[in-house]
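S.K.: okay, here's the prediction I keep looking at, along with the sequence it came from:
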Amino acid sequence: MKANLSLYTVTALLILDSEGNRVLAKYYAPPHSAIGTGTPAELGVGAGGPGMPGLQTYKEQRVFEKSVWEKSRRGAGEIHPLPPHLILSRPSTDLHFHIVGPLSTSNELMLQSTLTAFHDAVSLLLRGQIEKRIVLESLDLVLLAADETVDDGIILETDAAAIAARVTRPKPDSTDIVINEQTLMNAYSTFKDRVTQRIGQL
């Protein structure tokens, strides 16, 4: 039996509302397969993994998302097999966060850590207000958090604080010099005093 050593472990990262409608959806495909230098099978991606056929078009994705929503709504717990996929879910107010990986090769603990990190990073960024309206208003931050968590199906980070820190907009530098009339007058006064002192020393 060949061990799966692929880094491409995430098929999709989803946020669905309470009716199964898409709020955010990121589907992943290994970049090598996109340029024709390798197929998902050659890259060691398991069945249902990133780049596997069936989730390429918007219509296929929406059908899949409805299945994910139905499965997580009916099933108890947070882990749901939906062959050839494995779905891990986390409810939050009126939203459901999902991470999808290949059923045959997924490491449930790693997927769970990744989903938790993404959810908690979004919570940090939105100050604990994980609601559909707030998420849609701050979709740019949520998308950046997703990109900092998973890229092309590869898990990048499982520390929520680190993800949020990379996403937050930089604050204005408090050391920036503001030049105005008062600043110029102070500079002129200081220069005048120093010149007077130098002349006095001659």
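M.R.: That came through fine. What you see is a predicted model; the values in this text were computed from it and never measured.

S.K.: on the three-state scheme, residue 97 is what?
M.R.: Using DSSP: H, G, I helix; E, B strand; the rest coil, the three-state assignment for residue 97 comes out as strand.

S.K.: what sits closest to it if chain neighbours are left out?
M.R.: Spatial nearest neighbour of residue 97, excluding adjacent residues (C-beta to C-beta, 6 or more residues apart in numbering): residue 90 at 4.5 Å. Bear in mind the C-beta positions are built from the backbone N, C-alpha and C, glycine included.

S.K.: check what pLDDT the one you found gets.
M.R.: Here, the pLDDT recorded for residue 90 equals 92.

S.K.: run the chain-centre distance for the helix or strand that contains it.
M.R.: Taking DSSP states H and E as the criterion, residue 90 maps to strand 85-92. Mean-position distance between strand 85-92 and its chain equals 15 Å (C-alpha atoms, centre = their mean, to the nearest Å).

S.K.: stretch 12-32 now?
M.R.: Distance of stretch 12-32 from the chain centroid (C-alpha atoms, centre = their mean) equals 11 Å.

S.K.: so what's the spatially most central residue of the chain up against?
M.R.: Residue closest to the average C-alpha location in the chain (C-alpha atoms, centre = their mean): residue 146, at 1.2 Å. By C-beta atoms under 8 Å, 6 or more residues apart in numbering, the contact list for residue 146 reads 13, 24, 26, 118.

S.K.: in the sheet, which strands lie alongside the strand holding residue 90, parallel or antiparallel?
M.R.: Strand 85-92 has the following sheet partners, assigned by DSSP bridges: strand 79-82 (antiparallel), strand 95-102 (antiparallel).

S.K.: for residue 64, which three-state class applies?
M.R.: Secondary structure state of residue 64, per three-state DSSP, is helix.

S.K.: repeat for the one 5 residues further on
M.R.: In three-state terms, and counting by three-state DSSP, residue 69 is helix.

S.K.: which residues touch the nearest residue to it once chain neighbours are set aside?
M.R.: Nearest non-adjacent residue to residue 69, counting by C-beta to C-beta, 6+ apart: residue 20, 3.3 Å away. Contact analysis of residue 20 by C-beta under 8 Å, 6+ apart lists 65-66, 68-70, 73.
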